[in-house]
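K.L.:
Predicted model, plus sequence, below.
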Amino acid sequence: MAYELTFEKLYPEGERYTGVADRFEGNFTGISGIRVEAIAAKIVEFFPPKGADKLIRTRIWVDISPFWTDLYKIEVIAHGSPIWWTGIIIALIIVGLAVITWKVTDIDWKAATPALIGLGIGLVLLVLAVMFGRPKRR
């Protein structure tokens, strides 16, 4: 396998963008002779509504060593969301649980203790997994 860079495009926004960016890498196998420009055009169509305005860089590598197919490796870097979505989702879950428990008036707390302890441990583990689960790249 010897991938060869066949397409690289740095979009105008990518030259001056200094915010959060998301990176997508994908591999796929295609029939020999597919135009790489057609793949790049489909990538731009995938980012609505602004299309190329959200893209920073697109790269496509091709390995043509197998004679019946081509192996493609795609890297797309686009604007990332400045919003910390995992924190918002956790906050909504906690608020939802608070609303549910606020509405509960008559409950046998002695019978519900094991379930509530399990729920609490599960929430703590979820928060810890979200906070520390993904290592930072260097």
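P.N.:
Sure, I can see it.

K.L.:
which residues of the protein fall in strands?
P.N.:
For the chain, the strands defined by DSSP state E cover 4-10, 21-31, 55-63, 69-79.

K.L.:
out of these, deepest packed?
P.N.:
Highest mean neighbour count of the strands of the chain: strand 55-63, a mean of 20 (counted as mean count of other C-beta atoms under 10 Å). Where you see a C-beta, it was placed from the backbone N, CA and C, and this is true even at glycine.

K.L.:
What strands flank it, and is each parallel or antiparallel?
P.N.:
strand 4-10 (antiparallel), strand 69-79 (antiparallel) (DSSP bridges).

K.L.:
Pull the residues that contact the first one.
P.N.:
By C-beta atoms under 8 Å, 6 or more residues apart in numbering, the list of residues contacting strand 4-10 from outside reads 36-37, 39-40, 56-64.

K.L.:
Just name the closest of those residues to Ala129, please.
P.N.:
Nearest to Ala129 among the contacts of strand 4-10: Ile56, at 29.4 Å, using C-beta to C-beta.

K.L.:
How many residues are close by the residue nearest to the closest one when sequence neighbours are not counted?
P.N.:
Nearest non-adjacent residue to Ile56, counting by C-beta to C-beta, 6 or more residues apart in numbering: Gly14, 3.6 Å away. Gly14: 17 surrounding residues under other C-beta atoms under 10 Å.

K.L.:
where's Gly14 relative to Arg59, distance?
P.N.:
12 Å (C-beta to C-beta, to the nearest Å).

K.L.:
residues in contact with the residue nearest to Asn27 when sequence neighbours are not counted?
P.N.:
Closest residue to Asn27 apart from its sequence neighbours, by C-beta to C-beta, 6+ apart: Lys73 at 5.3 Å. By C-beta under 8 Å, 6+ apart, the contact set of Lys73 is Tyr3, Glu25, Gly26, Asn27, Ile60, Trp61, Val62, Asp63.

K.L.:
Restricting to C-alpha, output the helix or strand of the chain with the lowest mean pLDDT in PDB.
P.N.:
When each helix and strand of the chain is scored by mean pLDDT, DSSP states H and E, helix 36-45 comes last, with a mean of 74. Extracted in PDB, the C-alpha atoms of helix 36-45 (Å, rounded to 0.1, in the frame of the first residue of the first chain):
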ATOM      1  CA  VAL A  36     -11.000  12.500  -7.700                       C
ATOM      2  CA  GLU A  37     -12.500  15.900  -8.500                       C
ATOM      3  CA  ALA A  38     -15.900  14.200  -8.400                       C
ATOM      4  CA  ILE A  39     -15.300  12.900  -4.900                       C
ATOM      5  CA  ALA A  40     -14.200  16.400  -3.800                       C
ATOM      6  CA  ALA A  41     -17.300  18.000  -5.300                       C
ATOM      7  CA  LYS A  42     -19.500  15.500  -3.300                       C
ATOM      8  CA  ILE A  43     -17.600  16.400  -0.100                       C
ATOM      9  CA  VAL A  44     -18.400  20.100  -0.700                       C
ATOM     10  CA  GLU A  45     -22.100  19.300  -1.300                       C
END
